[in-house]
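> okay, here's the prediction I keep looking at, along with the sequence it came from:
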Amino acid sequence: MGEGAGSVADRLRRGMGRGVLSFPLTSFHGDGSLDLDGFRAHAEDQIGAGPGALFPACGTGEFFSLDEDEYRQVVTAAVEVVGGRVPVVAGTGYGWAQAARFARIAEDAGADALLVLPHYLVAAPEDGLVRQVEQIAARTSLPLIAYQRGQVAFSADGLRRIAGIPGVIGLKDGHSDLDRLQRLTLAAPEGFLFFNGASTAEIQARAYATVGVPAYSSAVHAFAPEIAGAFHTALRDGDGGTLEKLLRDFYVPFVELRDRVPGYAVSLVKAAARVRGLPVGPVRAPLVDPSAADLADLTALLATGLDLVGAAL
């Protein structure tokens, strides 16, 4: 890696202050095989919209369905497309031994950092959660951002412990427990990065900002950067009227549609990207693409959202 953890953290901090964090979709052909050209086109489209960083092969990018060779191709393509314009943070996960294998691939591909996705299946005590991060950090020179969600949740003491691991630079939060999150931000060392990683993070963006976590990832950015950008600008500028209109007329209905079927947090995003002509293809099992009725509702809602920001479907 060409940069130290501190330098990468500084670049991420600047990016997080400038725009949303993009989690691009991984493109597949109709038969389920990897469509690398489609991914490159999608990644370029994402970068052109001005995000703060690009996070390929993470949850929205169906990390859990990629084999190691596909992962290598996706991360390599992301690094090439980005060309140093923003940091590239690749996903890694499962048990620490497998996570370390993905970490080595990402490092060889030129990624700037890693997002450590929640481990597979088992619940574990905090000592084990900390040890998991330690084991991964010991096996890569890339900086790490831990992701607490599902069975992974850190106390203030646990946060201090992972923040003290060399190379760990931040935390992505998906629990939306603002009491706990406030305790974590107060326990963290100066300069430690936090960002809102809740599903459809815009819904809670104002609440997260009140506890000192204004940065967030945006799944909507993957299919409608115009909507995501308008929301981010309104949040930055304190434009409550625009925020509430976007929340009421687009984001809340989108969440209600998302909650109809497990896995729609990814499937709907990919379907909306296809509606807009983006070459992302279907989801892989165990996810399922939206039903015809849900797709019709999604298309109508997307048109509404784009009308709100003066963009075309």
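Perfect, thanks for sending it.

> contacts for the helix or strand where residue 133 lies, please.
Here residue 133, judged by DSSP states H and E, is contained in helix 126-137. The contact list for helix 126-137, computed with C-beta atoms under 8 Å, 6 or more residues apart in numbering, reads 92, 95-97, 99-100, 103, 114, 116, 119, 124, 144, 146, 152, 154-155, 157-158, 161-162, 165-168. Heads up, the C-betas are built off the backbone N, CA and C, glycines and all.

> hmm, which of these are the buried ones?
Listed as buried from these are 92, 96, 99-100, 103, 114, 116, 119, 144, 146, 152, 154, 158, 161-162, 165, 167-168; burial here means 16 or more other C-beta atoms under 10 Å.

> give me the subset of the residues you listed lying in strands.
Those of those mapping onto strands are 92, 114, 116, 144, 146, 168, per DSSP state E.

> any chance of these in JSON lines, plus pLDDT and distance to residue 32?
JSON lines is the format used below for those (pLDDT from 0 to 100; distance: C-beta to C-beta, whole Å):
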{"residue": "92", "pLDDT": "98", "distance to residue 32": "23"}
{"residue": "114", "pLDDT": "98", "distance to residue 32": "26"}
{"residue": "116", "pLDDT": "98", "distance to residue 32": "27"}
{"residue": "144", "pLDDT": "98", "distance to residue 32": "31"}
{"residue": "146", "pLDDT": "98", "distance to residue 32": "31"}
{"residue": "168", "pLDDT": "98", "distance to residue 32": "35"}
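
> any idea which of those residues is closest to residue 247?
Closest approach between those and residue 247, by C-beta to C-beta: residue 146, at 28.6 Å.

> surely that closest one and residue 165 touch.
No: contact criterion C-beta atoms under 8 Å: residue 146 and residue 165 do not qualify, at 9.3 Å.

> okay, helices next: where are they in the stretch 101-250 of the chain?
126-137, 156-163, 178-187, 205-210, 225-237, 240-246 (DSSP state H, counting those that start in this stretch).

> what comes up buried for stretch 30-45?
By neighbour count on 16+ other C-beta under 10 Å, the buried set for stretch 30-45 is 34-35, 38-43, 45.

> with only the CA atoms kept, save it in CSV.
Extracted in CSV, the C-alpha atoms of stretch 30-45 (Å, rounded to 0.1, in the frame of the first residue of the first chain):
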residue,chain,number,x,y,z
GLY,A,30,-28.6,-12.8,-17.2
ASP,A,31,-27.1,-16.2,-16.6
GLY,A,32,-25.6,-14.9,-13.3
SER,A,33,-22.0,-14.6,-14.5
LEU,A,34,-19.9,-11.6,-13.7
ASP,A,35,-20.4,-8.7,-16.2
LEU,A,36,-17.1,-6.7,-15.6
ASP,A,37,-17.8,-4.3,-18.4
GLY,A,38,-21.2,-3.5,-16.9
PHE,A,39,-19.5,-2.9,-13.5
ARG,A,40,-16.9,-0.6,-15.0
ALA,A,41,-19.6,1.5,-16.6
HIS,A,42,-21.6,1.6,-13.4
ALA,A,43,-18.6,2.5,-11.3
GLU,A,44,-17.7,5.3,-13.7
ASP,A,45,-21.2,6.6,-13.5
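
> what's the neighbour count on residue 256?
Residue 256 is flanked by 11 other residues according to other C-beta atoms under 10 Å.
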